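1. Sequence and predicted structure, then a few things I'm wondering about:
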Amino acid sequence: MRQMMLGAMLAACATGPALAQTAGVGGDPQKGSELARTWCGGCHVVEARPAAANDQAPGFLAIAQRPGTTADGLRAFLSVPHGRMPNLTLSRQDIDNTVAYLLSLKGR
């Protein structure tokens, strides 16, 4: 029993930083990554390690690393039309998935 608990604790430590960023978000970062590549990749660099820069819009890594980036702030931003971005009508789950992906990039 003690070995099982130790194994679980070590596994949690190994994945802790990524999970801590998405804890309580309620979305799936993998689905958010797929959605971002499909809908956002035309203007934003959505990869954590982009091969090239994009001048049109800030990259997802840059957005994630801004000090004020929070799950609530991202949800609010993605929920309404804004600026030069197309009016994407995202479901609540799509927003949560995208937010989970963005927050998974924090600290990279």
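-> Structure's in. What do you need? Residues are numbered from 1 along each chain as shown.
2. Check residue 15 and give its pLDDT.
-> On the pLDDT scale, residue 15 is placed at 35.
3. Over to residue 50?
-> Per-residue pLDDT puts residue 50 at 75.
4. Hmm, residue 58 and it touching each other?
-> No: using C-beta atoms under 8 Å, residue 50 is not in contact with residue 58; the gap is 11.5 Å. Every C-beta, even on glycine, is put in place using the N, C-alpha and C of the backbone.
5. for residue 70, what are its contacts?
-> Contact criterion C-beta atoms under 8 Å, 6 or more residues apart in numbering gives no residues in contact with residue 70.
6. Near the nearest residue to residue 96 once chain neighbours are set aside, how many other residues are there?
-> In space, and not counting its chain neighbours, residue 96 is closest to residue 27: 3.3 Å by C-beta to C-beta, 6 or more residues apart in numbering. Residues lying near residue 27 (other C-beta atoms under 10 Å) number 24.
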